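In: Kindly return the folded structure for what I paste below:
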Amino acid sequence: MFLTGSDDTIELTWTEAISFPGPWNVTNVDNDDNVDSNDYFDNAGSVFSGFYFQATNGSTYAIYSNGSGNYYIPYNSAEFNLGSGFLSSGSTALYQANDFSPTGNPICFLAGTGIATPDGARAVEDLRPGDLVLTADGRSVPVKWVGRQTLVTRFGPPERLMPVRVQAGALGDGLPKRDLVLTADHALLVDDLLINAGALVNGSTIDWVPLSELGARFIVYHVETEDHDIILAEGAPAETFVDYVGRQAFDNYAEYVALYGDERIITEAPYPRISTPRLLPPALKARLGIGKAA
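Out: Below is the predicted model:
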């Protein structure tokens, strides 16, 4: 079943429904017998949207999205012919509240983050494939893709969604140049260590952003380059995309597939990664005032 419509992550509304006989494949990536954001329909072109449709027979069907306003409901017509009684328009508010974001925590910059380019800082959401960005070691490298993800604050535990605000100058040497807001698992390069932003929280100059400040939803972006690079976000060294987070979870995954086809593996940069404050070097913790937050 093919639907044309739109969603506000609270309700999915469609204006057209068309039956397309298969066979079609649904892939349960992690083999857990549950539908979640890892899972996809039709060669990874469409991922689980979070929405379900409940049919007249009482069964509930997962709805998949290609990120471009098209939605799909795979079903077995031998068991129940969903198409025979499906309305040409309709809506559903059935939503899997625990699956509003990608596997694990999102790893991205908040919209508006200034990324250094040879022509000056540009908002991350304005970058396009082929645009050049500056790396921390002075190179200019092209953007391959900018992943976009919408996070909905009404669903799920706040600790999975709250980003971190690094105030201007909090890292020393005047960095970042402006307040930098990024998700907790997005790493900054500090003292040659890739440190997840959540591990740097000190309760004052580096702190959690309350979800109440972000409204019902907010959008985050991740920059992919050819390698796992260190670029400059508000002047501070920050990592680019590395694929231990699946691209399928991004809203515009279909764009990536259209550009490059199959996904590729990116080797992580050769820096030690720290994801918890208790593993930070004591001198760094003291310098940033992290002791009490740890």
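In: Gln236 and Leu175 touch, don't they?
Out: Careful, residue 236 is Ala; it's not Gln. Yes. Under the criterion of C-beta atoms under 8 Å, Ala236 makes contact with Leu175 at 4.6 Å. In this view, the C-beta of every residue, glycine as well, is placed from N, C-alpha and C.
In: quick check, distance from stretch 265-277 to the centre of its chain.
Out: Averaged C-alpha coordinates place stretch 265-277 at 18 Å from its chain's average position (C-alpha atoms, centre = their mean, to the nearest Å).
In: In that stretch, which residues are buried?
Out: Buried residues in stretch 265-277, counted by 16 or more other C-beta atoms under 10 Å: Ile266, Ala269, Ile274, Pro277.
In: Over to stretch 113-121?
Out: Neighbour-count burial for stretch 113-121, counted by 16+ other C-beta under 10 Å, picks out Thr113, Gly114, Ile115, Ala116, Thr117, Ala121.
In: Flag the shaky bits of the stretch 101-250 of the chain, pLDDT-wise.
Out: Along the stretch 101-250 of the chain, the model assigns pLDDT under 70 to residues 101-106, 154-159, 244-245.
In: let's go with 90 and repeat that
Out: Residues of the stretch 101-250 of the chain that meet the criterion pLDDT under 90 lie in 101-107, 149-161, 211-212, 214-218, 243-250.
In: can I assume Glu268 sits in a helix?
Out: No. In this structure, Glu268 is coil, not part of a helix, as judged by DSSP: H, G, I helix; E, B strand; the rest coil.
In: all strands of the stretch 151-294 of the chain, in order?
Out: Counting by DSSP state E, counting those that start in this stretch, one finds strands in the stretch 151-294 of the chain at the ranges 164-166, 180-182, 187-190, 193-196, 206-208, 217-225, 230-233, 236-239, 273-274.
In: Now do the end-to-end distance for stretch 122-131.
Out: Terminal residues of stretch 122-131 lie 10 Å apart, using C-alpha to C-alpha, to the nearest Å.
In: which parts of that stretch are buried?
Out: Quick answer for stretch 122-131 (16+ other C-beta under 10 Å): Arg122, Val124, Glu125, Leu127, Asp131.
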